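Q: below is the sequence, then the predicted model.
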Amino acid sequence: MTDPTVVVALDVGGTGMKCALVRPDGSTVHTERHPTGAARGPDAVVGTILEVAEGLAGKARADGLEPVACGIAVPGVVDDARGVAVWSANVGFRDVPLRDLAAARLDLPTTLGHDVRVGGLAEARLGAGRGTRHVLFVAIGTGIAASHVVDGSAVTGAHGAAGEIGHILVRPDGPRCGCGRPGCLEAVASAAAVARRYAELTGDPVSAAEVADRAAAGEPAAGQVWRETVAALADGLATGQALFDVETVVIGGGLAQAGPRLLDPLRVALHERMTFHREPRLVGAALGDEAGCLGAALLALDALA
């Protein structure tokens, strides 16, 4: 007989929410997507999260399944231990006790985690890092953040802020980062930075994906931006490897959609920067945009164990 237990899982982004009912083995039985509606304000977003979670639990019961927990992933600074969304620029959260609010609404044990950390958890256990003990998941999108997963558990840090690899200083004379300091990796090599740099050189406002396409087609300006991006990412990853000594680096996020056009030159550049450090295996993410939702479910299941 199939195990009827499922976890209600939500991955809340600045634009949309990816939601699912997930079995204990990591398989998904139902998925939904909803707009976050961040422009309505944080209170309205919290209301939507609770409504969607409650609807998923109801859907599970209607289908003869048993929801046993809820896992929620959000961006920004997250205090996992207290279950509080401390700060999020994208969603507007400021000290929101989201775990307790959801637990009370659903009458289910609930966990709250950082979106990139739980994404790394899923990639390490179920995706591209599966089978290795030490994994660094690096999400390269509008910003850059990482998750360090050791033996299947994501490291949170003393203050819930571990993994901010996007704020490693790579270009002291580089553009100013959103954090206020010039030259952070995120300010130089995120998808947003790629698009911004290309627009500075050409006056043409296109996406990072289009820059990757134009670089592959041999356009000089796009090629210059892409080479600069790869070099900065390699510097950041080399620093990360010096700190964490992982077996596998998994590259995810929107920029990873470039596939071999990013990963192949990045492997070469990272190899050139290795001295006595062991070179990690560098691979693309396997779970796509489902990683955060699956990771939220894994976090909830871990809390039940």
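A: Arrived safely.

Q: C-alpha from now on. contacts and neighbour counts both.
A: Noted.

Q: from the rest of the structure, what touches whichever strand or helix holds residue 270?
A: Counting by DSSP states H and E, the element that carries residue 270 is helix 260-273. With contact meaning C-alpha atoms under 8 Å, 6 or more residues apart in numbering, helix 260-273 is reached by 212, 216, 230-231, 233-235, 237-238, 255-256, 279, 282-284.

Q: residue nearest the centroid of the protein?
A: The C-alpha lying nearest the average C-alpha coordinate of the chain belongs to residue 116 (C-alpha atoms, centre = their mean; 2.8 Å).

Q: residue contacts, it?
A: So residue 116 contacts 75, 139, 145, 146, 147, 292 (C-alpha under 8 Å, 6+ apart).

Q: with distance to residue 166 added, can I get those in TSV?
A: Shown next, in TSV, are the contacts of residue 116 (distance: C-alpha to C-alpha, whole Å):
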residue	distance to residue 166
75	14
139	9
145	5
146	8
147	11
292	18
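
Q: what about the residues you listed, which are in strands?
A: Mapping those onto strands (DSSP state E) picks out 139, 145, 146, 147.

Q: most neighbours among those residues, which one is it?
A: residue 147 (30 neighbours; other C-alpha atoms under 10 Å).

Q: please report how far that residue lies from residue 106.
A: Using C-alpha to C-alpha, to the nearest Å, residue 147 is found at 29 Å from residue 106.

Q: which parts of the protein are strands?
A: According to DSSP E, the strands that the chain contains are 5-12, 16-22, 28-35, 66-74, 77-79, 84-87, 94-96, 110-114, 134-140, 144-150, 153-154, 248-252, 281-284.

Q: on that earlier part again, would you list the buried entries among the contacts of helix 260-273?
A: Buried by 16 or more other C-alpha atoms under 10 Å: 212, 230-231, 233-235, 237-238, 255-256, 279, 282-284, out of the contacts of helix 260-273.

Q: in those, find the pair that's most separated.
A: Distances among the buried ones among the contacts of helix 260-273 were taken as C-alpha to C-alpha; the most separated pair is 212 and 279, at 25.6 Å.

Q: I figured residue 294 hits residue 22, correct?
A: Yes - assessed by C-alpha atoms under 8 Å, residue 294 is found in contact with residue 22 at 7.2 Å.

Q: what sits in contact with each of these two?
A: Common neighbours of residue 294 and residue 22 (C-alpha under 8 Å, 6+ apart) are residue 9.

Q: more neighbours: those two, which one.
A: Set residue 294 next to residue 22 and count neighbours by other C-alpha under 10 Å: residue 294 wins out with 35 against 25.

Q: name the nearest residue to the more buried one, ignoring sequence neighbours.
A: Leaving out its chain neighbours, the residue that sits closest to residue 294 by C-alpha to C-alpha, 6 or more residues apart in numbering is residue 122, at 5.9 Å.

Q: you'd agree that neighbour is up against residue 291?
A: Yes - between residue 122 and residue 291 there is a contact at 5.6 Å, judged by C-alpha under 8 Å.

Q: which of the two has more neighbours?
A: The residue with more neighbours, out of residue 122 and residue 291, is residue 122; 32 against 27, by other C-alpha under 10 Å.

Q: report the buried residues of stretch 147-158.
A: 147, 148, 149, 150, 152, 153, 154, 155, 156.

Q: among the residues you listed, which two are most distant?
A: 152 and 156 (12.8 Å).
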